[in-house]
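Q: task: produce atomic coordinates for the following.
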Amino acid sequence: MKHITLILIAMLFSVKAFAQQTYDADFNQTKLMKVSGKTTNKVGHITFDGNSQLSMIYSEPEGEYFKIDGNLVKINMDGKKVELDAENVKMVGLQRATLLNCLSGNWEQAAIDNNAELTVNEEKGLKTISIVANGKVPKGGYKSVVLTYQADGKMIKMILEEAIGIVNTYEIH
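A: You can find the predicted model right below:
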């Protein structure tokens with residue numbers, strides 16, 4: 001099964017420390033394939049209900065989406081539609097949990113789930129949360145996650161690096 005890369009997107013939004021429990025924003029995504037050096041760019045809109053409903057609807061390319069609806073993960077990317085139950089597919093369950101934990105500000109659990117170390121840095125009015133794997137990354141987990149927030153708690157950037165060498169950078173408007 002092809003590794004699902006988009007669950008990462010949800011980390012774009014909300015943090016318990018800032019009490020931001022919902023999110024509604026536009027984003028630009030840049031995907032880098034480290035092995036080939038190939039990059040792709042996408043544009044979209046994300047909403048998060050503060051619980052287990054996440055929706056990323058792409059305007060470029062039009063028609064693509066990534067959704068978490070409870071335990072269901074629905075994806076339409078690169079001409080392929082998939083609907084998976086996170087309870088039955090371990091890799092998808094880990095990605096779903098990581099995203100929702102990051103969205104709700106539970107960075108500690110996201111770090112534990114990904115066999116990672118958590119660091120928080122505040123500098124020049126920005127708060128940066130880094131979750132970096134210690135050794136082997138669980139299948140479907142992330143080698144690193146970096147979340148950047150303004151002083152008011154608004155997420156402005158998220159970088160997700162998968163163990164397989166794909167790096168997704170999301171800039172939030």
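Q: can we go C-alpha only for contacts and neighbour counts from here?
A: Fine.
Q: keeping just the C-alphas, turn stretch 132-141 into PDB.
A: Written as PDB, here are the backbone C-alpha positions of stretch 132-141 (Å, rounded to 0.1, in the frame of the first residue of the first chain):
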ATOM      1  CA  VAL A 132      12.200  14.600  16.200                       C
ATOM      2  CA  ALA A 133      12.400  10.800  16.100                       C
ATOM      3  CA  ASN A 134      14.900   9.000  18.300                       C
ATOM      4  CA  GLY A 135      16.200   6.200  16.000                       C
ATOM      5  CA  LYS A 136      13.700   4.000  14.200                       C
ATOM      6  CA  VAL A 137      10.500   5.600  13.100                       C
ATOM      7  CA  PRO A 138       7.300   3.500  13.400                       C
ATOM      8  CA  LYS A 139       5.700   2.600  10.100                       C
ATOM      9  CA  GLY A 140       3.600   5.500   9.000                       C
ATOM     10  CA  GLY A 141       5.200   7.800  11.500                       C
END
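Q: got a list of contacts for that stretch?
A: Stretch 132-141 is contacted from outside by 3-4, 91-92, 94-95, 111, 113-118, 142-145, 162-163, using Cα atoms under 8 Å, 6 or more residues apart in numbering.
Q: packing partners of the lowest-mean-pLDDT helix or strand in the chain?
A: Lowest mean confidence among the helices and strands of the chain (mean pLDDT, DSSP states H and E): helix 90-103, at a mean of 88. Under the contact criterion of 3 or more Cα pairs under 8 Å, 6 or more residues apart in numbering; DSSP states H and E, helix 90-103 touches strand 80-85, helix 107-113.
Q: okay, buried residues for the last one please.
A: So that's helix 107-113. 107, 109-111, 113 (16 or more other Cα atoms under 10 Å).
Q: excluding its backbone neighbours, what's nearest residue 91?
A: residue 140 (4.5 Å; Cα to Cα, 6 or more residues apart in numbering).
Q: for that neighbour, phi and psi?
A: Backbone geometry at residue 140, expressed as degrees, to the nearest 10, gives phi 90, psi -10.
Q: before we move on, what about residue 71?
A: phi -90, psi -10.
Q: cool, residue 137 as well?
A: Phi and psi for residue 137, reported as degrees, to the nearest 10, are phi -90, psi 130.
Q: residues near it, how many?
A: The local packing of residue 137 (other Cα atoms under 10 Å) involves 19 other residues.
Q: how close does it sit to residue 91?
A: To residue 91, residue 137 is 11 Å away according to Cα to Cα, to the nearest Å.
Q: what of residue 168?
A: Using Cα to Cα, we find residue 168 at a distance of 18 Å from residue 91.
Q: picking that back up, of the helices and strands packed on helix 90-103, which shows the lowest average pLDDT?
A: Here the helices and strands packed on helix 90-103 differ in mean pLDDT, and the lowest is helix 107-113 at a mean of 93.
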